[in-house]
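Engineer: Sharing a model prediction with you, sequence too.
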Amino acid sequence: MSDVVMGPHPDFDALSAYSDLDDAAALRARVARHVAQCSRCLAEVAAIRALGDAARALPVEGAGSELWERIRSASAADRVLDPQSIEVRGAGSLESDHPRRSGAHERAPVVRRWYSSRVWLLGSAAALVAVAGIALLATRRSLDASDASRLTFTPSRPVPGGSMTVRYRPAPYLAGAPKLVLAGRFAKPDDAYRNRYFVEARDGLDSLATLHPAGDGSYEAHLRLPDDFLAVRMMVFDSAGDASDRDGDESWVAIGGRRDHSPSLEAFIAGYSSAHRRERSRQRVSVADSIQRYFPGHPAGWALYEHYGEIKGVLDLFRFFETAEKKYASLDTALWSRPSLDAEQSWAMASLAQKISEPAEEAKWARRLAREHPDDPRAFRALAGMVHAIELRDPPHVVDSVRPWLPVLDSLYLRSRPTLDPYSNEMLLFQRQGDSVQKAGWRRRFAQPRSFFTRASLPAKADAKTESDVRRILAAGCAKPSGRFPLPDVSAWYRWCAFDHSLLWNYLAEAHLSRGDATGAETLADSGIAAVAGRCADRLSLRIRGDAKLARGDTTGAARDYAREFGRWSVDREIRTRAIARLGARFDSSAFESAADSARRESVGCLRRQKLDDSTRTAHRGKL
Amino acid sequence: MRPLLHDADRRLRGRLDALARGEREVLAALYTEFGEMVFRTARRLTGNRADAEDVTQEVFVRLALTVAGFSGDAERFPAWLRRIAVRTSLMRLRSGRRRREVDVEGVAALVSSADRTLERLSLETALTRLSLEHRTVFLLKEVEGYDHREIAELLGITVSNSEVRLHRARRQLRELLGGSR
């Protein structure tokens, strides 16, 4: 055989790829004919395959008999979190374990892969976009809203007690107005530690200054900054409050510095909290980046990254191999042995440990924070987070594991009085795990006459008066909110109001069901579903309606509702388990999965519509 | 009436639920059944006994939490568990927190045997001389039996990158073993 007849020999990579093919695919391969006729290449393929055979045949030592003992003791240690083992100064009941490391064999934190193959594609795309963006925006030092509008401010790092000049190039629908209003909110130091489930753009805004025409079509305003200035978020309104502009889906945020214009960690964190709490908030990513840049030894810049594993910015391309876990390990080594830390450091370490799914490490830092800074609101939040982690992983014995912590948490709450929403995690933790006295106490503490999420402040068992109050709230509907700027962004208000009403309908439905009125409960649950129609936020209503149908004997309808509930939230296997438990032998797996699939598709449609609605609203903002 | 779950699935589900409830005997039973598999997978990938033990411990200590992510039938459980072992091993390799102790027993075993061991030694030695990324892809493909799509997903690389790494690993092995073209 000669090369002239067969052509050139395939290279090693081609033969290597060929050796991986199964018989059928190998026959179709481009190199197959050559290999079939070339003894040299055939031998090479055989040798390549032999490498694999030899590797598979390599003996591997077995696990030693002592390994199980190690796992058993580590498993036991992993489950023990004793509230008596930390000390809150003044509370007097908690012991310190600082700064001693625990255990002869320290379990390494789990290292999660936080990048994927898709990241490279996305990263490449992001890099291209970034290059294009940098080319286009190289001269801008501003916060851009869109191609149509832009807001800039000087100095770039305003100082407390100083002044700031804001320049606004208007969106077309605001251009030509005799004057505009710069509305905003100055960040407060404790903003960072509030549980804010929804921070809408207009939440807590007030008029900051009047924007006057500057002659070139732009508008300009001068602000005197307060002496405790940290950061400010801003929007622009017309003078009637009918139209507004902001930075895409977010407000513009200006972050201050120290009086000598140097960067301030406190200001960065306040600015971070001023940014909207939403996924992939570029403002938050930008702030976290800045903290990492200016305060590389501080854990806050890492703790404030919200979505490890996803692209958060172009610079992430360069961080693929710098894992959060590695950073945590190095920060842990550097900080833990120090005799004392400020609250921000311990809080950030607890947050970072939580983000890398290391509950034991999170607990360690939460306990240290509580011990060293019991009067800081973050101590309460960190310890509550730790207890919630116990709650999540120990469901069968949760009462035993969690209850001893509740008095500790209560004590920390009374010392620091953190701002809590009625539907905050901490409030719900007490509602889930507290005894009747604790539940009632916490309900009273946060009872509000009229608020979103009123359900959280309602008694678990409805009485006649409560039901009457709830019906009155529902009858009032979602009235237009009053305020300085009543028109823009009301859709968000309506959305939350509808969600709130759906919860109230469910509350009534459950009350009827508990009295044996299945038909009434079904009708009320229908109303709960209708209140959030098109938003696919009807999971709880579906469950209650399913229960009502089951109570009426409509097994098929109940199964369908349970399946739809599961489809809405497929990550929660409990829903499926509960459906099986309730339907028993009448549970039909294939019908269940089919209905769940359908609900899942429906949810995707809902999200798309919602996204479209939001983008349409953004595109037509000011015309609402 | 169709059964809701097969017996084996029901048995496994019962064990996993018990594990999630914190029943240690179940963890012991699962370790007895699957511990060797997990350890050997980790041993091959990490290349040393200490790391393999750490990985095995990690996998089983966290099993009570991770079983929540398993929704397949009983037949798929070993593969699911092995995948976790692979992932944990890879994470350990990436994390830079590997144990640096010299594996004395391993070295002694390697240097004390005769001809058959010499042949094995050469391949084992050659494997240790590969870069981590090449060795990992080679072992995942040839020994663990993952395809390139799965390897790409496990390592966070592209399929073609996985293929290229495999070819290079093989080429280097051939060269190291004296059989290069």
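Structural biologist: Cool, got the structure.

Engineer: low-scoring stretches of the stretch 401-550 of chain A, by residue?
Structural biologist: Within the stretch 401-550 of chain A, the stretches with pLDDT under 70 are A:421-423, A:446-457, A:479-494, A:534.

Engineer: Could you rerun that using 50?
Structural biologist: Filtered on pLDDT under 50, the stretch 401-550 of chain A yields the residue ranges A:449-453, A:483-490.

Engineer: and if you look at chain B?
Structural biologist: For chain B, the ranges with pLDDT under 50 are B:1-4, B:97-121, B:180-181.

Engineer: which stretches of it form helices?
Structural biologist: B:7-20, B:24-46, B:49-61, B:63-66, B:77-95, B:104-111, B:115-129, B:132-138, B:148-155, B:159-176 (DSSP state H).

Engineer: Do the shortest one and chain A come into contact?
Structural biologist: Yes: for helix B:63-66, a contact with chain A is found by C-beta under 8 Å from any C-beta of the partner chain, at B:64-65. Just so you know, the C-beta spots here come from the backbone N, C-alpha and C atoms, and that holds for glycine as well.

Engineer: how about the strands of chain A, start to end?
Structural biologist: Along chain A, counting by DSSP state E, strands occupy A:143-144, A:150-154, A:163-169, A:180-186, A:206-213, A:219-224, A:231-238, A:244-245, A:252-255.

Engineer: For those strands, which has the smallest mean pLDDT value?
Structural biologist: Of all the strands of chain A, strand A:143-144 carries the lowest average pLDDT, namely a mean of 39.

Engineer: most neighbours per residue, which of the helices of chain B?
Structural biologist: helix B:49-61 (a mean of 25; mean count of other C-beta atoms under 10 Å in any protein chain shown).

Engineer: how does chain B divide up, domain by domain?
Structural biologist: B:1-101, B:114-181 (automatic domain parsing).

Engineer: and what of chain A?
Structural biologist: Split by automatic domain parsing, chain A gives A:3-55, A:70-112+A:323-446, A:143-281, A:448-624.

Engineer: Need the nearest residue in space to the spatially most central residue of chain B, chain neighbours excluded.
Structural biologist: For chain B, the residue nearest the mean C-alpha position is residue B:41 (2.9 Å; C-alpha atoms, centre = their mean). Distances taken as C-beta to C-beta, 6 or more residues apart in numbering or on different chains put residue B:85 closest to residue B:41, at 4.5 Å, once the chain neighbours are dropped.

Engineer: residues touching the one you found, list them.
Structural biologist: Contact analysis of residue B:85 by C-beta atoms under 8 Å, 6 or more residues apart in numbering or on different chains lists B:37-38, B:41-42, B:55-56, B:59.

Engineer: how does it look with 6 Å?
Structural biologist: For residue B:85, the contact set (C-beta atoms under 6 Å, 6 or more residues apart in numbering or on different chains) comprises B:38, B:41-42, B:59.

Engineer: And those, which is closest to residue A:240?
Structural biologist: When these are compared for distance to residue A:240 (C-beta to C-beta), residue B:59 wins out at 63.1 Å.

Engineer: Can you tell me how far the closest one is from residue B:14?
Structural biologist: For residue B:59, the distance to residue B:14 (C-beta to C-beta, to the nearest Å) stands at 21 Å.

Engineer: mind listing what's buried in stretch A:45-65?
Structural biologist: Within stretch A:45-65, the residues that count as buried by 16 or more other C-beta atoms under 10 Å in any protein chain shown are A:45, A:47-48, A:51-52, A:54-55, A:63.

Engineer: could the strands of chain A go into TSV alongside mean neighbour count?
Structural biologist: TSV is the format used below for those (neighbours: other C-beta atoms under 10 Å in any protein chain shown):
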stretch	mean neighbour count
strand A:143-144	18
strand A:150-154	20
strand A:163-169	19
strand A:180-186	22
strand A:206-213	16
strand A:219-224	18
strand A:231-238	26
strand A:244-245	24
strand A:252-255	26
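
Engineer: Nearest to residue A:523, out of the ones you listed?
Structural biologist: Across those, closest to residue A:523 is strand A:244-245 (C-beta to C-beta), at 39.7 Å.

Engineer: Show me what that closest one pairs with in its sheet, parallel or antiparallel.
Structural biologist: Applying DSSP bridges to the sheet, strand A:244-245 is found paired with strand A:231-238 (antiparallel).

Engineer: Just want the angle from the partner strand to strand A:163-169.
Structural biologist: Orientation of strand A:231-238 against strand A:163-169 (axes from the mean of the first three to the mean of the last three C-alpha atoms, to 10 degrees) gives an angle of 40 degrees.

Engineer: which ones are touching residue A:162?
Structural biologist: By C-beta under 6 Å, 6+ apart, the residues touching residue A:162 are residue A:225.

Engineer: Backbone dihedrals for it, both of them.
Structural biologist: Per-residue torsions, residue A:162: phi -90, psi -160 (degrees, to the nearest 10).

Engineer: From chain B, how far out is it?
Structural biologist: Residue A:162 is 45 Å from chain B, where distance means C-beta to the nearest C-beta, to the nearest Å.

Engineer: Same question for residue A:562.
Structural biologist: Applying C-beta to the nearest C-beta, one obtains 14 Å for the distance of residue A:562 from chain B.

Engineer: and that residue, how many residues sit next to it?
Structural biologist: If you count neighbours by other C-beta atoms under 10 Å in any protein chain shown, residue A:562 ends up with 28.
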